[in-house]
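# fold the following and give me the result.
(one chain, ligands or ions: 2)
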Amino acid sequence: MEEDSSVDNPNTDRPAENPKLLVIDDDANFLFGISRLLTKADFTVIAATDGVTGIAKAQSECPDLILMDINMPKMTGFQVKKALEVDPVTQFIPVVFLTALNDDANTLAGLSLAEDYITKPVDSTILAARIKSILRRVKTGMRRAIIESDSSFSFERFKQWAYSVEMMDERSVGHTTRVANLAVTLAKSMGYTDDPFLEAMYKGSFLHDIGKLAIPDKVLNKPGPLNAEEWELMRQHPLVASQMLSAIPILNEAADIPLMHHERWDGKGYPNHLAGEQIPIAVRIFAIVDVYDALTTKRPYKEAISEENSLQIIRSLAGKQFDPVVVEHFTDHFTQIISESEKLHQLSILPKPA
Ligand SMILES: [Fe+2]
Ligand SMILES: [Fe+2]
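Residues are numbered from 1 along each chain as shown. Ligands and ions are numbered 1, 2, ... in the order given. Predicted coordinates for the structure are as follows:
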């Protein structure tokens, strides 16, 4: 079943993905052996022989889990774990220590920092089973925390969950930050300079797909096209997001984008089939940059499309999926908007969340 004819980020034709593990160990022989065994157990394995390289790989590759030695040159496993915790991109990646140190002090210190502490030698079948169990537990915990979140939940906390959504679903870390910056830049360029408006837009953009946390994995990561029933479930994510955000006073005003980002100018979107100016301007602006970023970024299931071709696709959807006035402004001022947005990104002069 097709999702209308929207240019979107549907889960069609997506290859099944193995969980990605980063193994950090200074013993090259062990690293080689364990990587081979874990690859056989259907994991994608990335390796690093020291903590500094390991941190860089964790940032660039966003693995689902890190398996790490403790005694290593440059940085110990404990130091690496602490460094990962202060970076929003890596702070939620579960870590398992895999070490020859089997004394109580190290075991207790390791367990206080990481998801698990496993001593060498280890049976590869048991190790694979333990990793899978941890991945299941982590994902369930994330969902529960966000679904049970209440008014004390801060925006910063939500931003961290939004990073988690990226890692869990699209595997395109940076998408939410880029679209938040780009949406705000496009809005400013169109003359919307009111601070509360821009702030709500920034928050809403960041959280646009947070409702996907409530979509079961088997639907979210299904390798092939979704059937009618699965689409029905997938289409619930804007409503789920809206329910979650409306329960949190500081995020009430940011709920428009998560609720309406799949509505279309011609009324053929979802969930409420809004049309034209029934869709708030912030959402009409966001919808374009969200699709632009999805088109121009390489995803596991598709190659990146050039800027020029992406703009052509966006132009062809003016008056159908998108507000023609916003499309015209975006495409006419494209170079300037992109460069302003990149500056915003680099200088971190984002509108400050409450
Ligand atoms: Fe969405
Ligand atoms: Fe998106």
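
# Phe92 - how many residues pack around it?
Using other CB atoms under 10 Å, Phe92 has 16 neighbouring residues. Backbone N, C-alpha and C define where each C-beta goes, glycine included.

# same check on Glu340?
Residues lying near Glu340 (other CB under 10 Å) number 18.

# wait, it sits on Thr185?
Yes. Counting by CB atoms under 8 Å, Glu340 does reach Thr185; the two are 4.7 Å apart.

# hmm, Thr119 is touching Val96, no?
No. In this structure, Thr119 is not within contact of Val96 by CB under 8 Å, at 11.4 Å.

# more neighbours: the two, which one.
Neighbour tally, Thr119 and Val96, criterion other CB under 10 Å: the higher count belongs to Val96, 21 against 15.

# low-confidence ranges, this protein, go.
Filtered on pLDDT under 70, the chain yields the residue ranges 1-17, 88-89, 139-173, 247, 249-250, 300-301, 345-354.

# and Pro63, how many neighbours?
Neighbour number of Pro63 under other CB under 10 Å is 23.

# so what's it up against?
By CB atoms under 8 Å, 6 or more residues apart in numbering, Pro63 lies in contact with 20-22, 46, 57, 93.

# a markdown table for those residues, including distance to Arg299?
A markdown table is the format used below for the contacts of Pro63 (distance: CB to CB, whole Å):
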| residue | distance to Arg299 |
| --- | --- |
| Lys20 | 14 |
| Leu21 | 20 |
| Leu22 | 20 |
| Ile46 | 18 |
| Lys57 | 20 |
| Ile93 | 20 |
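
# and those residues as JSON lines, adding secondary structure, neighbour count and distance to Ile305?
Listed next are these as JSON lines, based on DSSP: H, G, I helix; E, B strand; the rest coil; neighbours: other CB atoms under 10 Å; distance: CB to CB, whole Å:
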{"residue": "Lys20", "secondary structure": "strand", "neighbour count": "16", "distance to Ile305": "24"}
{"residue": "Leu21", "secondary structure": "strand", "neighbour count": "24", "distance to Ile305": "30"}
{"residue": "Leu22", "secondary structure": "strand", "neighbour count": "24", "distance to Ile305": "29"}
{"residue": "Ile46", "secondary structure": "strand", "neighbour count": "18", "distance to Ile305": "27"}
{"residue": "Lys57", "secondary structure": "helix", "neighbour count": "19", "distance to Ile305": "27"}
{"residue": "Ile93", "secondary structure": "coil", "neighbour count": "23", "distance to Ile305": "29"}
